[in-house]
Structure formats: structure tokens, C-alpha cells
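Asks: What follows is a predicted structure for the sequence shown.
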Amino acid sequence: MSELLSALTERFFRYVAVSSQSDIAEPGVPSSPGQLELARLLAAELETLGLQDIHIDEHGILTARRPGTMPTAPAIGFVAHLDTVDVGLSPDIRPQVLHFDGQPLCLNREQSLWLSPEDHPELNAYRDQDIICSDGTSVLGADNKAAVAIVMELLAQLRSNPAQVGDIFVAFVPDEEIGLRGAKLLDLDRFPVDFAYTIDGAELGELVYETFNAGRATITIQGVPAHPISAKGVLVNPVLVALDLVGHLDIHDTPEHTEGREGYFYVTDLQAGPAQATLHINIRDFDRQQYQARKEQLEAHLRGVQDDHPRARVQWQIEDVYGNILDAVGDDRRALDLLEQAFAAQQITPQTKPMRGGTDGSALSARGIFTPNYFTGGHNFHSSFEFLPLNAFLKSYQVTETLVRLAAAPGQLN
Ligand SMILES: [Zn+2]
């Protein structure tokens, strides 16, 4: 293993050793103490790497600045998330490096957990390579600690081999997996960048700069409870009003019936009793105008439900959750140009795809900072079969280093 790759791997192991699942039931940010613990560990390391303005705010958001020597170069930000996802697996991660020779990989002998190319044919691209896996009882946490390791190792390399680069800002944010909460709270005064990147994509080559526009409607329906003995003309049942509301949505305009760049409405939950019903509807569209039109369409529908049930009380709130990264690009495409040049320099063909979801970059882009996303090299995020091939991990590092250098090379960009 090359020195660089062992340094990256060592870092990755050190960061996944801090259990930092986010907790959706916890309304505060950070939602779990492990994320703060990881932020503190990283802050101490940043100190030894000579970064400045190192700061952990009341939400556990860690920001820092590496002053550059090229004032003409753009200030580049890197954003990575501190949390790992809670999908009901163990919060504690025990990573291991396994060599894939074409045979199933034994993740856990005691519990007989295997990662086999039969069930996971994506493995076959990594024959005769080393792969980092979990012990089968947890996610691996390459999402997103591979990125944390890459950014930290880049700063370490720049410390020992100073290069002519511009200002680099880092932001390690909590609670990405539970609604991009950290990125939404990031203090932009501590992150004054020209553009930023997340390294939160999956397999080698993945490049994402289009995500959904996302909104969430919270709807409450107040009924009129009454004893059935004398309910006629009195009772207004919120259960039935809610079913009427949901039943008149287009059943083909849903996540399970759409793909590519199509948007949808998604009724995520419904709680109803004799006095009140509450439901949530996610609104998604890539196109900004269509997204706005969807919000208006939903409001018109809700007014119609109110009209049909005049004695019920239908109330709603629609909140924007994140925006399409592409809407933040404007005339300044430097972030994308750089990324494409860095891919080319590393002989990687970009696999560009619209993402039917959001990243921390979607939250930042909605706040005006264009933040595309590229691969970590990992596979099967949010699963106990998550794995990270070492070569792909190294490629992600090399893209990161290359784009920082290219950004400072005069004449490379216009
Ligand atoms: Zn992630």
C-alpha cells in the first residue's frame, strides 16, 4: 500500500471509531454527542496542521481556514458531514480491509455475514483489490467520513509539502442525514468562499450538480368530535377529511411512479384521531418554476378540501427545505470547470446524473454558494454492505488535491 493510501486509511479508521449516528428524534443540533466529540477531535488535528480561525459553534459546526499564498486564486470550501446514518444498525463501526479475489467476502465469521459478488455484482469491478468493509453489523461510514479523511489528509499533505494554492475553508457539519440541518445553520461569515464542494457521492466518477428543489407541507385538519348517539349533522371526522385530501392527489405523481427529472408529491405520514389529523407531504421538482407551480397546485387543492368540508378547519404551512444546486451556478461555472479538469487530469470519466435527493450542497446552494458533489468511491451507502475500494478512495483524494492546485494555476481558468 502506498504511503498516502495508508495515511488515508489510518485517518478513516480513526474517524469512524468515533460513533456519531445522528438521531432524528432529537430536535437539537447536533442531535447526538458523538458528532460533537468528532468535531473536537478534528479541531485538535486542524490546530496541529496550522489552520486558522478554528471554531466550533453551539451546533457543533466546525469551521477553519487555511490561508493561501495565491491571492488571485478563488477561495475554495469543502463541506463534509460528521454524522453517520441511523438505519437501525449498530452505531459502532468496526472497519476492516479485505482483499477481494472474486470469492464472497466474510464480513463476520461469528454471525456468518457475507458480502458476495452474486448479491452485489458491483464488487466485480474491484477484483484483486483491497476493499474497506464494516463487520456487517453497521454501515461503514464512508458516507461521509471518507470525505473527512480526504480533506484532513489534503491539509496534512499541504502542511508537509507546501504548494502555491489559494485560501481553503473547511466546514464539518452535523446532522446531514436528518434533513441537512447542519449545513442550513452554517455561519457563512465563517465560510466566505467563492464556491464549495461536497465529497458525498458514491462510486468512482460520480458527479452531481443537479438536485431536487425540495419543500415540505405540514397540514393539520381540525374536526368536530361528537358522540355517535347524536352525531348526525354535528360530527366532522378529520380521518375522513384527511383521506379525501390524500385520495384526490394524483397517484401517478409519486416517488414510486416517477424517475429521471420528474418531480412528485410524497405523503410521508398521516396521523389521525377523532379531533385532529396531521399529515406531511414532500414536494420535489428539479425545475424551479415547476417546483413553485407544485406548491401553488397543492395550496389550491387544500383550499378545495376546505371548501368541500366547510365545518372542518384545514391549515397548512409549506417550508422550503433545500434547492437545486444548479440554480446557484449563475455565470460563475469555475467550480464545475475545475472539477471537470481535475477528473480529466486523473483520467476519470464523469458520471453526471441528476440526483433525486439533496446534499449539504443543496442547502448551501439555496443560500447562494454553488456546491457540486463528487464521489468518495464507496458503494451501498446506508447499508451494512457499504464498502470502499481503496483505489477509488485514493482517486477521490487525487481529484480533490488536483482541483485545489488547478484553481491556483494561472491561466487554467477564466
Ligand atoms: Zn452523506
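Replies: Sure thing, it's come through.
Asks: right, and Ala75 touches Ala196 too?
Replies: No - counting by CB atoms under 8 Å, Ala75 stays clear of Ala196, with 9.3 Å between them. In short, each C-beta sits where N, CA and C put it, glycine included.
Asks: shared neighbours, these two?
Replies: Phe169 (CB atoms under 8 Å, 6 or more residues apart in numbering).
Asks: which of those two has more neighbours?
Replies: Ala196 (25 against 19; other CB atoms under 10 Å).
Asks: Would you agree that one is in contact with Ala80?
Replies: No - under the criterion of CB under 8 Å, Ala196 is not in contact with Ala80, lying 10.6 Å apart.
Asks: residues shared between the contacts of the two?
Replies: Common neighbours of Ala196 and Ala80 (CB under 8 Å, 6+ apart) are Ala171.
Asks: for the chain, longest helix please?
Replies: When the chain is parsed with DSSP state H, its longest helix is helix 288-308.
Asks: Just the buried positions in that one, please.
Replies: Judged by neighbour count (16 or more other CB atoms under 10 Å), helix 288-308 contains these buried residues: Tyr291, Arg294, Lys295, Gln297, Leu298, His301, Leu302, Val305, Gln306.
Asks: Next: stretch 104-117.
Replies: Neighbour-count burial for stretch 104-117 [16+ other CB under 10 Å]: Leu105, Leu107, Asn108, Leu113, Trp114, Leu115, Pro117.
Asks: How about stretch 186-196?
Replies: So for stretch 186-196, counting by 16+ other CB under 10 Å, buried means Leu186, Arg190, Phe191, Val193, Asp194, Phe195, Ala196.
Asks: that's a strand at Gln315, yeah?
Replies: Yes - using DSSP: H, G, I helix; E, B strand; the rest coil, the secondary structure at Gln315 is a strand.
Asks: so which strand or helix has the residue lying closest to it once chain neighbours are set aside?
Replies: Excluding the flanking residues, the one nearest Gln315 by CB to CB, 6 or more residues apart in numbering is Thr220, at 5.2 Å. Element membership for Thr220, per DSSP states H and E: strand 213-222.
Asks: Over to the residue of the stretch 301-414 of the chain found nearest the ion. Which of the three states is it?
Replies: The ion sits closest to Phe381 of the stretch 301-414 of the chain, with a gap of 6.7 Å, by CB to the ion. At Phe381 the chain is in coil, as set by three-state DSSP.
Asks: Dihedrals phi and psi, it?
Replies: Phe381 adopts backbone torsions of phi -60, psi 150, taken as degrees, to the nearest 10.
Asks: Next one: it from Val85, what distance?
Replies: 8 Å (CB to CB, to the nearest Å).
Asks: Need the residues touching each of the two.
Replies: Val139, Asp143.
Asks: how about the spatially most central residue of the chain, what does it touch?
Replies: Centroid-nearest residue in the chain, with CA atoms, centre = their mean: Thr359, separated by 3.6 Å. Contacts here follow CB under 8 Å, 6+ apart; on that basis Thr359 touches Glu176, Leu180, Thr198, Asp200, Val208, Thr211, Ile325, Thr371, Asn373.
Asks: And whichever strand or helix holds Val246, what does it pack against?
Replies: Element membership for Val246, per DSSP H and E: helix 238-247. Here helix 238-247 touches strand 213-222, strand 264-272, strand 276-285, helix 288-308, going by 3 or more CB pairs under 8 Å, 6 or more residues apart in numbering; DSSP states H and E.
Asks: Now the first one - C-alpha only, PDB.
Replies: This means strand 213-222. Output in PDB follows, covering the C-alpha atoms of strand 213-222 (Å, rounded to 0.1, in the frame of the first residue of the first chain):
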ATOM      1  CA  ASN A 213     -35.800  21.600  -5.200                       C
ATOM      2  CA  ALA A 214     -37.500  20.400  -2.000                       C
ATOM      3  CA  GLY A 215     -40.300  21.500   0.200                       C
ATOM      4  CA  ARG A 216     -42.400  20.100   2.900                       C
ATOM      5  CA  ALA A 217     -46.000  20.800   3.700                       C
ATOM      6  CA  THR A 218     -47.400  20.300   7.200                       C
ATOM      7  CA  ILE A 219     -51.100  20.000   7.200                       C
ATOM      8  CA  THR A 220     -53.500  19.900  10.100                       C
ATOM      9  CA  ILE A 221     -57.200  19.200   9.900                       C
ATOM     10  CA  GLN A 222     -59.400  20.100  12.900                       C
END
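Asks: contacting residues around that strand?
Replies: Contacts for strand 213-222 (CB under 8 Å, 6+ apart): 238, 241-242, 245, 272, 275-288, 291, 294-295, 298, 302, 312-324, 327, 358, 362.
Asks: Which residues belonging to that strand are considered buried?
Replies: Asn213, Ala214, Gly215, Arg216, Ala217, Ile219, Thr220, Ile221, Gln222.
Asks: how near is the first one to the ion?
Replies: It stands for Asn213. Computed as CB to the ion, to the nearest Å, the Asn213 to the ion distance reads 19 Å.
Asks: Equivalent analysis for the fourth one, please.
Replies: In this structure, Arg216 and the ion are separated by 20 Å, where distance is defined by CB to the ion.
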